[in-house]
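*Asks:* Here is my input; please provide its structure:
(chains A and B)
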2 protein chains.
Amino acid sequence: MPERIFNNVTIIGVGLIGASCALALKGRGLCGTVCGYGRKEANLKQAKELGIINEYSLDVGKACENADLVILSTPVGLFKKIILEAQDVLKKNTLITDVGSVKGPLVRELEDLMPEGVGYIGSHPIAGSDKSGIGNARADLFVGARCIVTPTERSEKSTVRQITTLWESCGGKVEIMDPMLHDEIYAAVSHLPHLIAYALVNTIEDDPEYLKYAGPGFRDTTRIALSSPELWRDISLFNRNNLIELIERFGNNLNVIASLIKNADAAGLEHEFSKARTLREKC
Amino acid sequence: MPERIFNNVTIIGVGLIGASCALALKGRGLCGTVCGYGRKEANLKQAKELGIINEYSLDVGKACENADLVILSTPVGLFKKIILEAQDVLKKNTLITDVGSVKGPLVRELEDLMPEGVGYIGSHPIAGSDKSGIGNARADLFVGARCIVTPTERSEKSTVRQITTLWESCGGKVEIMDPMLHDEIYAAVSHLPHLIAYALVNTIEDDPEYLKYAGPGFRDTTRIALSSPELWRDISLFNRNNLIELIERFGNNLNVIASLIKNADAAGLEHEFSKARTLREKC
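*Replies:* Residues are numbered from 1 along each chain as shown, chains lettered A, B, ... in the order given. As a prediction, the model looks like this:
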């Protein structure tokens, strides 16, 4: 039996990732009591009935006042507001992390809000999907998953160690990464593809009857357009600069293809497509 | 045991679809001898050794001279050249179809090339994938697959019936469609997604090390960038007008998202994403 590493854990936002954190920690005996906070009481009540959390509060301060570990797992746009509301009640030595898909400047902004003695380090367990909600939560969601941890020059070594232990104990493979680099990489391999999937689906807005003819190609290409609009709204805004640059780069690539089609440049098209195929074969 | 519907069948281009046609027809006792034509003798030899075809020729005329049914399954860019080469040897009452992903004006151009007494009607069995080659061919590839058949006002009813029987006998679900409408629909649900997948992969050309961080979202969104560059080069050129219009429409949708991000318009972004999600849920 692994040792308990935290007594009181508070999950802020009990959705797919938050609930899976609770299940992963409780299921392995890694924590004592889990308290949930959220905006919808019905969801918290259900999470309690399902044994995902032990208790809940609709008040951030109350949910956090006894916490040894707080995991922020709401859409990223709410993180700062939550810390501002909980600031005054957090105990010394409380550890805070988040599971947001953006890091970058947000990590430093959150660091600035932490009271004396409260350690914060950002995390990004790569375990989300187009599915959401506690109904899809699983104790083994993080097993084998890459978990990016993004300390800064202000982070205590012991805090980095604790957050690393948290994810490794849940089965994750931790990788330490600079928060700015994190956002560059994930803009390219995750955030941009989401924007493209949403835009592609909207392209057949005027001909929805064509969807009947969509095969596996269309369905796979647009699967992530099923993802939570609220989550992706926040991610898009927080990773704004990288995304604006990448949308432009992608647009240029698509325009190259459009020009080759217009000019009936068969060799040029085959070259563009082959280049992409060779690159895609690497992942 | 189903009845034999064709004696001599010729497959022009023995790849994934062509070889699967051969296997589907032979496996069900629907035809006599299958002759293959292609440019690579090694591939034809292997297809013969595997029992996919009975014989082969590297000469289009010889491959077609005894055919009761010819199935064109090369990249679409070669169809006209092949018919021009075979024109003089085709028997009266030979039936010709193709399995190309574009129809539209090409169907009428091919009709114009047919000698007196030779019937041609276009087909598009929706059974391709990013996989190619005879190694992936299967006798049941068309079972349950939508098979679009695109007659024109010049098509004989008996020919439409024969082509319908061909696909239904192989397990397909036939849908009769105007060739121009076919190209509009498939530009939206298949061809544009391929161009986008290729362009998206090329967006990380300068940072190929980021691919290490690609998760299921990126992999699904770009899976079809593994498709044959040669096939998609031809499809892009033949469906040129529809694609140029759709690339523009898609580009406008992506620009809407980019502007909302630039203006930090959270509500606007959520609206765009929700619209796409609702539409995507229908397929």
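*Asks:* gap between the residue of the stretch 101-250 of chain A found nearest chain B and A:I12?
*Replies:* Residue nearest to chain B within the stretch 101-250 of chain A: A:P229 (3.6 Å; C-beta to the nearest C-beta). Heads up, the C-betas are built off the backbone N, CA and C, glycines and all. A:P229 sits 20 Å away from A:I12, going by C-beta to C-beta, to the nearest Å.
*Asks:* more crowded one of the two?
*Replies:* Neighbours were counted for A:P229 and for A:I12 using other C-beta atoms under 10 Å in any protein chain shown; A:I12 has more, 26 against 20.
*Asks:* Surely A:L84 is in contact with A:L113?
*Replies:* Yes. The pair formed by A:L84 and A:L113 meets the contact definition of C-beta atoms under 8 Å, at 6.4 Å.
*Asks:* So for these two, which residue has more residues nearby?
*Replies:* Each of A:L84 and A:L113 had its neighbours counted (other C-beta under 10 Å), and the higher figure belongs to A:L113 (16 against 11).
*Asks:* who's in contact with the more buried one?
*Replies:* A:L113 makes contact with A:K80, A:I83, A:L84, A:Q87, according to C-beta atoms under 8 Å, 6 or more residues apart in numbering or on different chains.
*Asks:* Figure out the helix or strand that A:I235 lives in.
*Replies:* Assigned by DSSP states H and E, A:I235 falls within helix A:229-238.
*Asks:* Please name every helix or strand in contact with that helix.
*Replies:* Packing partners of helix A:229-238 (3 or more C-beta pairs under 8 Å, 6 or more residues apart in numbering or on different chains; DSSP states H and E): helix A:192-202, helix B:240-262, helix B:266-280.
*Asks:* can you give me the mean pLDDT across it?
*Replies:* Helix A:229-238 shows an average pLDDT of 96 in the prediction.
*Asks:* any residues touching it, and which ones?
*Replies:* Helix A:229-238 is contacted from outside by A:75-78, A:100-102, A:104, A:106, A:128, A:132, A:191, A:194-195, A:198, A:243, B:257, B:261, B:264, B:266, B:269-270, B:273-274, B:277, using C-beta under 8 Å, 6+ apart.
*Asks:* Mind listing what's buried along stretch A:92-109?
*Replies:* Of the residues in stretch A:92-109, those scored as buried under the neighbour-count criterion (16 or more other C-beta atoms under 10 Å in any protein chain shown) are A:94-104, A:106-107.
*Asks:* Let me know the secondary structure of the residue lying closest to A:I176 once chain neighbours are set aside.
*Replies:* Excluding its sequence neighbours, the residue lying closest to A:I176 (C-beta to C-beta, 6 or more residues apart in numbering or on different chains) is A:V149, at 5.5 Å. Reducing the assignment at A:V149 to three states with DSSP: H, G, I helix; E, B strand; the rest coil gives strand.
*Asks:* Can you give me every residue that contacts A:V149?
*Replies:* For A:V149, the contact set (C-beta under 8 Å, 6+ apart) comprises A:I121, A:G122, A:S123, A:V160, A:I163, A:T164, A:W167, A:V174, A:E175, A:I176, A:M177.
*Asks:* That one pairs with what?
*Replies:* Note on A:V149: beta-bridge partners by DSSP bridges are A:S123, A:I176.
*Asks:* got a pLDDT number for it?
*Replies:* As predicted, A:V149 sits at a pLDDT of 98.
*Asks:* Please apply the same query to A:R39.
*Replies:* In this model, A:R39 is scored at 94, pLDDT.
*Asks:* roughly how far apart are it and chain B?
*Replies:* Computed as C-beta to the nearest C-beta, to the nearest Å, the A:R39 to chain B distance reads 16 Å.
*Asks:* what about the closest residue to that residue other than its chain neighbours, neighbour count?
*Replies:* Leaving out its chain neighbours, the residue that sits closest to A:R39 by C-beta to C-beta, 6+ apart is A:L58, at 7.6 Å. The criterion is other C-beta under 10 Å. On that basis, A:L58 has 13 neighbouring residues.
*Asks:* Roughly how far does A:L58 sit from chain B?
*Replies:* Applying C-beta to the nearest C-beta to A:L58 and chain B gives a distance of 23 Å.
*Asks:* hang on, A:T97 in a strand?
*Replies:* Yes. Under the criterion used here (three-state DSSP), A:T97 sits inside a strand.
*Asks:* Tell me if I'm right that it and A:V118 touch.
*Replies:* No. With contacts counted by C-beta under 8 Å, A:T97 stays clear of A:V118, the gap being 11.5 Å.
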